[in-house]
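K.L.:
sequence? don't have it. structure:
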């Protein structure tokens, strides 16, 4: 049997016979021609197989058909060229059917395509392979043809695995042929196929794009220009393999596709194979031996210089702070395996002499986790139902001093952590970034996160591991730590105007496993996977916004439309993911309540980020009287109005979510997600108070400032940001005091409720002059001074831990109605006045 049996179409009976006798495996093993077996097939099926013949570079099997003329006509109708070697003989070749007798060797060489996967020898020698079993080249040279995926031997004390990067695109010929194989060519199937293709085109080109022939031709030409044709020339082929070496402990040495190290290792493999082929190396040892060097161990301190375990608190305190970390700080991310961490803490307390330089990252990680635990420890008193003093009192959080001591011990080990460059080093730097987020998110925390990112890249955590040579627990830890680090660094960088640290095209690491094995103590990664998807949307939005910075104004409309499309896709994805239903069903007492609320805040943050750049005026100062935010009945006029409206609604949703968190489990003063989302929402709401000063926005602004001030206690950076927004709120209140007509709808009548509130305020201001209330109402301005009502509302909110509903007016309410009279008869004595006649 000459050539590739997989390229021959056989009848069903013949295929069953080949599989039964394992002729394909025999061909691959022997590498010869099994004429005898094929002759038996021919004699056994005389009505199906007419003859066996081979020409040129391949073999075909000719067989009889019941209706040759009809068969040939049907095949030609499907666009298949049928060779003519006799009236009753038909030759079939999948995807490409031609008459070999009329083809020259040069044309055959052009039509032969490189296989998607080459055999081991062709891959090793960089030769073109047609993918057959055996392939043409191996059969012609009489060599063994195998597809094991192993292309080189191991060398040195460490394992080195090479793997090819997943192809980003498929060649047009292969894609077309593979799609045609399973297509039903009936009229209904063709109609459905056209409908599906039309929907795909409209999703990329836009719903208003006409699909006439000229438009489709232009779209096809643009697609061809963006995607270069598949490379079939051997001279133009490049190797895209990576190198990943497992070193001592959880240390991995990574080298990219086109690095110096990777190129030198490929030369080494080439020489090893050449020496083995010529029989000059009779032993199993590699022929090329060199001094391997991966980490600068000579720069590291001796083991005796480690911080003694006596610096740690008592074991009970350590266990409590670790509990606070996993209960409140980790949220929907995965920073460390809890069972593994507890086992390492056992070693530190019970056998500290066993620690070495390899454990420097673990020790630094433990100190940082204790420091983070002190930031969230006060939430345990809320969970236990014990009331605390006002959060604005900085003396309440005296545990911050202890946390700083833990942080300094961890930071003291930072040079050793960097030199170790292990998985634990990545986790330690990541946790330092988490601890410093409330202190300096755009500065120190961003530097720590980028340091962790570079250490992760050095360990190859951003790439898919090419082999199963590491423990499943370590593999899952690497994946989860990488995606937690990647998403947090992306969010901090984008929200604080930093350039991207790593392009998304350079990341192909496996996503966290949805169903970890029973031996893995990880939580379900559902929330982390959702966060990753939100970060991907955020990255797309940031990339599109970057085009607004470089394009001229006349060409920015396409970017605005693209942002509106991304916003629509984001909302549809969120509504269809089922996460909204989980928020309504989640109980505050469950451990997943805060993580799920964080997901909601992150979702609203992306929506606000998309639309807030269009809120501020682009030309000239803002005209408060004439300019307003689009309402729900005008959002369909332009993509810009749609984005601004959705941004405003997202900001109000953030304030509502923060209210829910505050009333149930309490806002975390060290949570970057809660503080940054509340801050961003208040900035958006501030702009709306300047454009449409309604009770809804004023109440949201007041409530949000109170919550923001509570979260900013203990952090000078966050206190500065909160004080700025508080100054905005006072300025807006002052404007409303000087211009009372600016609020509400211009020209509209005063409502009965507003008249009642004016009367109520006058009674409180002039309790001893009831006879003059009518004249006072007509002449005196009822608005209180800016900032006076703020203090009252703030005190009442902290006292009751319940925010006033949005319909409740802000000024003149102290939040305590316990002594209010139950009947109208008691009202005059309650007010210290005499209104019997009027009541």
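P.N.:
Received it, and whenever you're ready, just let me know what you need. For clarity, every value in this text was computed on a predicted model and none was experimentally measured.
K.L.:
Buried residues of the helix or strand harbouring residue 650, list them for me.
P.N.:
Here residue 650 is covered by helix 639-664, with elements defined by DSSP states H and E. Neighbour counts using 16 or more other CB atoms under 10 Å place 639-662, 664 of helix 639-664 among the buried residues. Where you see a C-beta, it was placed from the backbone N, CA and C, and this is true even at glycine.
K.L.:
repeat for stretch 558-567
P.N.:
Across stretch 558-567, burial judged by 16+ other CB under 10 Å covers 559-560, 562-564, 566-567.
K.L.:
Could you do stretch 460-480 as well?
P.N.:
460-463, 465-466, 470, 473-480.
K.L.:
what's the first-to-last distance across stretch 500-509?
P.N.:
With CA to CA, to the nearest Å as the measure, stretch 500-509 spans 18 Å from end to end.
K.L.:
what mean pLDDT does that stretch have?
P.N.:
Averaged across stretch 500-509, pLDDT comes to 88.
K.L.:
So what touches that stretch?
P.N.:
Residues from elsewhere that reach stretch 500-509 (CB atoms under 8 Å, 6 or more residues apart in numbering): 165-166, 450, 453, 457, 461-464, 478-479, 482-483, 486, 489-490, 493, 536, 539, 542.
K.L.:
what ranges of the stretch 351-500 of the chain fall below the confidence cut-off?
P.N.:
Counting by pLDDT under 70, the stretch 351-500 of the chain contains low-confidence ranges at 383-397, 467-469.
K.L.:
Which members of the contacts of stretch 500-509 are classed as buried?
P.N.:
Neighbour counting by 16+ other CB under 10 Å classes 450, 453, 457, 461-463, 478-479, 482-483, 486, 489-490, 493, 539, 542 among these as buried.
K.L.:
Can you list which of those residues are found in helices?
P.N.:
Cross-referencing those against helices under DSSP state H gives 450, 453, 457, 478-479, 482-483, 486, 489-490, 493, 539, 542.
K.L.:
and these as a markdown table, adding distance to residue 676?
P.N.:
Output for these, formatted as a markdown table (distance: CB to CB, whole Å):
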| residue | distance to residue 676 |
| --- | --- |
| 450 | 18 |
| 453 | 20 |
| 457 | 26 |
| 478 | 28 |
| 479 | 26 |
| 482 | 22 |
| 483 | 20 |
| 486 | 18 |
| 489 | 14 |
| 490 | 14 |
| 493 | 13 |
| 539 | 17 |
| 542 | 16 |
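K.L.:
before we move on, the earlier item: which of the buried ones among the contacts of stretch 500-509 lies closest to residue 423?
P.N.:
residue 478 (6.3 Å; CB to CB).
K.L.:
contacting residues for that closest one?
P.N.:
The neighbourhood of residue 478, defined by CB under 8 Å, 6+ apart, consists of 423, 459, 461, 465, 509.
K.L.:
Now residue 212: phi and psi?
P.N.:
phi -80, psi 170 (degrees, to the nearest 10).
K.L.:
next one: the one 10 residues further on
P.N.:
With angles defined as degrees, to the nearest 10, residue 222 sits at phi -60, psi -40.
K.L.:
any idea how far residue 202 is from it?
P.N.:
16 Å (CB to CB, to the nearest Å).
K.L.:
try residue 221
P.N.:
Distance from residue 221 to residue 202, by CB to CB: 18 Å.
K.L.:
Equivalent analysis for residue 410, please.
P.N.:
Distance, residue 410 to residue 202, using CB to CB: 54 Å.
K.L.:
For the two, indicate the residue with more neighbours.
P.N.:
Using other CB atoms under 10 Å as the criterion, residue 410 and residue 202 rank with residue 410 on top: 24 against 13.
K.L.:
residues in contact with the more buried one?
P.N.:
364-365, 367-368, 371, 428, 432.
K.L.:
for residue 681, same thing?
P.N.:
604, 608, 650-652, 654-655, 704.
K.L.:
Turn those into TSV, columns for distance to residue 142.
P.N.:
Output for those, formatted as TSV (distance: CB to CB, whole Å):
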residue	distance to residue 142
604	68
608	68
650	69
651	74
652	76
654	72
655	77
704	79
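K.L.:
Adding distance to residue 733 and pLDDT, write those out as CSV.
P.N.:
Listed next are these as CSV, based on distance: CB to CB, whole Å; pLDDT from 0 to 100:
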residue, distance to residue 733, pLDDT
604, 26, 95
608, 23, 94
650, 24, 94
651, 19, 94
652, 19, 94
654, 21, 94
655, 17, 93
704, 14, 87
